[in-house]
Every structure is written in C-alpha cells, then in structure tokens.
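>>> Give me coordinates for this.
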Amino acid sequence: MSVDAYKAAMVLSGSGDALGYKNQEWEYCTSGPQIHKELAELGGLGKIVAELPGWPISDDTVMHIATGEALATGKSGEDLFQELAGKYVECMNDMEGRKPGPTSMLGTSLLKPGSPDGYCIPFNPTGTGCGAAMRSMCIGLRYPKHSQLDDLIAASIESGRMTHHHPTGYLGSLASALFTAYSVQGKPLREWGTGLLSVLPRALEYVISAGKFVKENEEAWTYFGTSWKKYLETRGIADGDSPPKFPKEYGVEDRDVFYKTLSLDGWAGRSGHDAPMIAYDSLLACGSDWEKLCSHSMFHAGDSDSTGVIAACCWGVMHGFVGVPEGNYAKLEYRERLENLGVQLFQLSGL
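I've put the predicted structure just below:
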C-alpha cells in the first residue's frame, strides 16, 4: 500500500461526491435514466471537468475533510472525539450551497467541544440518515490494520453519533470506515459484507461499555444488521466466499428499482444502512471500471453523492487514478486539502 493510493482515495471520494451531486441537480433527481440522458448530452463522463462553479463538492466532502483533519492531529480517545466535535462545528460555516442534512445541522448545534462529554448528544429516534456514513471513510485510512479494529470501532461510532445518534445512522459510519480499511488490507470484496456483520457484536460491546443511552441503542440495534443480512443473501454472498450474483438485466432502471427496495423510507442511499450498501453493491458489480462505478454509485435515483463518495473512496484505494478521466478530479474543489490529508493519514496509519 502506497501514499499514492491514500491520495487517490481522498481525492476520488471528493470526485464521487461532486459528480453525484452536480450542484444539487443530480442528488435530487428521481430518475437514473434522466441523469444518464443528461450525462450523455454533456458528452459523457470523459468530458466532465469537475470544477467550480458547476461541480462543487457537497456537505459530504466538507464533513469528510473535517473528519480527516481531526484524525490528522494524531490524537486518540477522548481527545480525538473532542477534536472531531470541534471540526464538525467549524465546518458548518462552509455549507453555503452544499445542502447539509437537517440531522447533521441539529447534531452539530448540540455539540459543545471542549466541555466534559461535549462531543455527546442525546439519542435521536429519527437519526437514521446517511450523514455519518458519508464522512467516515478516512477513519479506515487512519486505522487500516486488523489490530487497530477497536480504535476504528470507537472512532467511527463516536464520530457518527455526534450527529446521528441512532444505530441505523452511526453504524453506517462504522461500515464506511471498515470497508475502507478492508480496501487497504486487500480483503476480497465478497468478504466485506460478512466481515461487517462479524464486527457488529463488538460494536455493540463498545456502545454498552461507553454507557450512553444504552437501552435506547440496544432497542434500535437490529435493523441495521438484519438489512445487511438480507442484502447479502440476495447477492448470494452471505457465506463470505461465493461470487456475487447479479440479475441478467441490471441496467439503470433496474438499479433504481432495486436500490429503492433497500431503503428505509423510499429514498435510496438516504440512510446509514443503505448508503454503504449501494456503494458496496457498485464495487461488487464494477471491478476496476471507473465509468461503470460512476454509473452504478453516483448516477441513480437516490442520494447519489453520498453513495458515490463512499464507493469512490474505496475504489481509489484499490485502483488509484488508473482509468479515471483527468477532468473528473484534476480541478476538483479542495483537491489539495484532500491530497494532503491522504499523505498525513498514510503517515499515521503505521503501514
């Protein structure tokens, strides 16, 4: 694993966000075929130059950068959690035109970084959204080794529930971080889903040991794992060993229909469980084909920037910039900040 892979992971995560967002136009489009039609009219993916003003990054990458900058301090434990809270509060000043979610805005408004337990907010019965999942990939870059799993669990859960204090929300943060770590480890894709399920009991142990709103968390715990188990069975990879099975017909409209069946409320990728799930489905289907990955993870009728930001980060670890049109990333907003974070996280990773 090289520093270049880390730089590609961070930069392409921003590209996945900007492409899926298209300055609000595609994130809120309810038709994958319509997005693909507009993409063709633009000359296809290879013709897109993702730069301002037409292709800004969204709240996803702003919050991912905040996570990365907190991790880059090298702090750990409570000191890291306070740093994360401070960065999340601070990054809310950079949300003009980026459409942050209401749960993220509410959560950050409740944080009191620097105060005792100032990184903790109350349990939120409706905190099931993807706002934690879309900003936590870099936690897997910071803690990529199996021996660092406890650190990854703690950082992803605590960072996630600073805004989304509900298992369906913050376990999405765990999934995104874990999948990125698996990318670094070179773990076969077919094993990622069962790997996630095997980590959930350890995650619950952490939540219980942390002692915050334990009863509420335990009562809301099962939906995330049950949803993932069902998905893995659908793909034929519940054993962690078999190759994934996709329908013979799995075009743009077919994916729109399937992704919606994974959702909590009818908006694919909007929740903590299905944003990393759609990203994972896209990675399974697309191999090293960047254009296909974009089609599956960024250009669909759902929360397309949030699924794209997760998928592209993992893809970048595995494939670098190979086959990615230069225009998709060379002039990306905050590219240098993302690259620098890649370097810093690689230096801290212990690889």
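>>> confidence score at G323?
pLDDT for G323: 95.
>>> how many other residues sit next to it?
11 (other CB atoms under 10 Å). For the C-beta atoms, the positions are set from N, CA and C on the backbone; glycine is no exception.
>>> gap between the closest residue in space to it that isn't next to it in sequence and K7?
Residue nearest to G323 in three dimensions, not counting chain neighbours: W290, with 4.8 Å by CB to CB, 6 or more residues apart in numbering. Distance, W290 to K7, by CB to CB, to the nearest Å: 16 Å.
>>> do the same with G107
Distance, G107 to K7, using CB to CB: 30 Å.
>>> got it, and V322?
13 Å.
>>> for A330, what are its contacts?
V49 (CB atoms under 8 Å, 6 or more residues apart in numbering).
>>> Repeat the analysis, applying 6 Å as the threshold.
By CB atoms under 6 Å, 6 or more residues apart in numbering, the contact list for A330 is empty.
>>> where does the stretch 201-350 of the chain dip in pLDDT?
Judged against pLDDT under 70, the stretch 201-350 of the chain has no low-scoring part.
>>> Settle it for me: which of G107 and K7 has more neighbours?
Higher neighbour count among G107 and K7: G107, with 26 against 22, using other CB under 10 Å.
>>> Name the residues of the strand or helix carrying that one that are buried.
For G107, the element it lies in under DSSP states H and E is helix 102-110. Neighbour counts over helix 102-110 (16 or more other CB atoms under 10 Å) mark 103-104, 107-108, 110 as buried.
>>> From K37, how far out is R98?
25 Å.
>>> ok, those two, which is more surrounded?
R98 (20 against 11).
>>> ok, the more buried one - contacts?
Counting by CB under 6 Å, 6+ apart, R98 has contacts 58-59.
>>> right, and the secondary structure at it would be what?
At R98 the chain is in coil, as set by DSSP: H, G, I helix; E, B strand; the rest coil.
>>> and it, what pLDDT?
At R98, pLDDT is 91.
>>> can I assume the residue nearest to G323 is in contact with E326?
No - using CB atoms under 6 Å as the test, W290 is too far from E326 to be in contact (11.7 Å).
>>> Compare the two (neighbour count), which wins?
W290 (23 against 10).
>>> Can I get the helix holding G107 in CSV? Just the C-alpha atoms.
These are the backbone C-alpha positions of helix 102-110, laid out as CSV (Å, rounded to 0.1, in the frame of the first residue of the first chain):
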residue,chain,number,x,y,z
PRO,A,102,-31.2,18.6,8.9
THR,A,103,-29.9,15.9,11.3
SER,A,104,-26.3,16.9,10.8
MET,A,105,-27.2,20.6,11.4
LEU,A,106,-29.2,19.7,14.5
GLY,A,107,-26.4,17.4,15.8
THR,A,108,-23.6,19.9,15.4
SER,A,109,-25.7,22.6,17.1
LEU,A,110,-25.9,20.4,20.2
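>>> ok, back up a step: what about the residue nearest to G323, distance to H165?
W290 is 35 Å from H165, by CB to CB.
>>> same check, this time on R335
R335 is 33 Å from H165, by CB to CB.
>>> more neighbours, the two?
Neighbour tally, R335 and H165, criterion other CB under 10 Å: the higher count belongs to H165, 26 against 19.
>>> Confirm that the more buried one lies within a strand, as I assumed.
No - using three-state DSSP, the secondary structure at H165 is coil, not a strand.
>>> quick one, what contacts it?
121, 123-124, 127.
>>> So what's the residue count around C286?
18.
>>> That one and S297 touch, don't they?
No - here C286 does not reach S297: they are 7.9 Å apart, not a contact under CB under 6 Å.
>>> Now do the helices in the stretch 101-250 of the chain.
102-110, 137-142, 149-160, 167-185, 192-210, 214-219, 222-235 (DSSP state H, counting those that start in this stretch).
>>> I'd like to know which of these is closest to H64.
In terms of CB to CB, the element of the helices of the stretch 101-250 of the chain nearest to H64 is helix 137-142, at 6.3 Å.
>>> quick one, what contacts the closest residue in space to D60 that isn't next to it in sequence?
The shortest distance from D60 to any non-neighbouring residue, by CB to CB, 6+ apart, is to M134 (4.3 Å). By CB under 6 Å, 6+ apart, the residues touching M134 are 60, 306, 309.
>>> Considering these, which is situated nearest to L204?
Nearest member of the contacts of M134 to L204, counting by CB to CB, is S306, at 24.6 Å.
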